[in-house]
Every structure is written in structure tokens, then in C-alpha cells.
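K.L.:
Build the 3D model from these lines:
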Amino acid sequence: MSQNIVDIIFDDEALTDIDGALTTLDTRFAGLVALDPVKRRRLHKMGDKSEAFCRLAVDVLTANPQILPANFDLAALQRDVAALDALRLRTVQVMRLYQRMLDTEMALGSDMMSNSVEGYRLLSLAGKGSGLDGLRKQLAVRFKNKRSKEEQEEGGEPGAKGKAGGGD
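P.N.:
Modelled structure (predicted):
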């Protein structure tokens, strides 16, 4: 029985819309930064406890701007808080979409692999003498190394054991 975890079609119109939406996202998120590993390591990190501290500090400083020197940019700090809050909502949505994309990619690959192996087995059984031997041998190359390893481990004949599968 054939595996079909996902059955999805991306028609040209949908792909055009998706590509347009991705271009819009890329354009609208032009202010996002990409940190190199060294800079990422050196930056102060804000965890949950640190975030509570930062938010309280912003509240206290906003309520008492007279204690700040003229060169302290309170407005920039307030913009950072607003931007972080706005970005986080979108990050959650993008992460959810990204995870679904990864899961769908995995399911499509699994469907392809499962059904290709099933088709190969059918070809091996029913395709003999049908002029398909050359093509079957081309497909058999996928399992050659696996069979060789199994034969060496068990000292058996080629193909004696051998479940077609794997994940490479």
C-alpha cells in the first residue's frame, strides 16, 4: 500500500503569490541584522530574568527622565522595547510556519522514498523479462553499499538479507 502523508500542489499562481509575500517580508524586514559568531558571543544576552529587569528599568527611567544625562537616548530604548514586542509576535508566526514547512518537506521526502522503494520492489518482482532489467540495475545501485555491508557482517550471499531503506 502506498504511503501518502501529504498531497500538496503548488500551482504557478500560488508560487507567484508566495514569492511575492517572501519578497515583501524580506523588504519590510530590511532592518533586521545578521550577527557574525564573534559578535553574537560578545553581546549581552537577555533571558527571562534579565528581560524583567530591563522592562522595569525602562518603566523607572520613563517615569524619571530628569535623572538621565542629556546623551542618554531614552526614546531609542523605548523603541527597542516596542520593536522587540512587535518582532516577537511575528517570530512566533514565522517559526510555526517554518516548522510546518520542515515537517511537510520531511513528509514529502518520506512519501517519495517509501513509494520509490515499493516501486523498485515491484519492478524487481514483476519487471523481469519486460525489458526493464537495465533500469532495475540502475535503481539497484542505491542499495548496493548497504547489501555489501550486510553481507560482510553476516558472511552471507549478496541480497540474502536486505531490507531496502535507509536514510542517506
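K.L.:
Over to the residue lying farthest from the centre of the chain: give its phi and psi.
P.N.:
The C-alpha centroid of the chain is most remote from Gln66, which lies 48.3 Å away (C-alpha atoms, centre = their mean). Here the main-chain torsion angles of Gln66 (degrees, to the nearest 10) amount to phi -70, psi -20.
K.L.:
which residues in the chain form helices?
P.N.:
Shown for the chain, the helices assigned by DSSP state H span residues 12-28, 37-42, 48-63, 74-126, 133-154.
K.L.:
gap between the one residue sitting closest to the centre of the chain and Gly109?
P.N.:
Against the mean C-alpha coordinate of the chain, by C-alpha atoms, centre = their mean, the closest residue is Leu102 at 4.2 Å. As for Leu102, its distance to Gly109 is 11 Å (criterion: C-beta to C-beta, to the nearest Å). Using the backbone N, CA and C atoms, a C-beta is placed for each residue, glycine as well.
K.L.:
distance of Gly131 from Leu139?
P.N.:
Distance from Gly131 to Leu139, by C-beta to C-beta: 15 Å.
K.L.:
Quick check on those two: which one has the bigger neighbour count.
P.N.:
The residue with more neighbours, out of Gly131 and Leu139, is Leu139; 17 against 7, by other C-beta atoms under 10 Å.
K.L.:
Tally up the residues packed near the residue nearest to the more buried one when sequence neighbours are not counted, please.
P.N.:
Spatial nearest neighbour of Leu139, excluding adjacent residues (C-beta to C-beta, 6 or more residues apart in numbering): Tyr120 at 5.1 Å. A count of nearby residues for Tyr120, using other C-beta under 10 Å, gives 17.
K.L.:
check contacts around Tyr120.
P.N.:
By C-beta atoms under 8 Å, 6 or more residues apart in numbering, the contact list for Tyr120 reads 136, 139-140, 142, 164.
K.L.:
ok, Leu43 touching Asp36?
P.N.:
No: if you go by C-beta atoms under 8 Å, Leu43 and Asp36 don't touch, sitting 11.0 Å apart.
K.L.:
I'd assumed Phe72 was in contact with Thr62.
P.N.:
No: the pair Thr62 / Phe72 is not scored as a contact, 11.9 Å apart, by C-beta under 8 Å.
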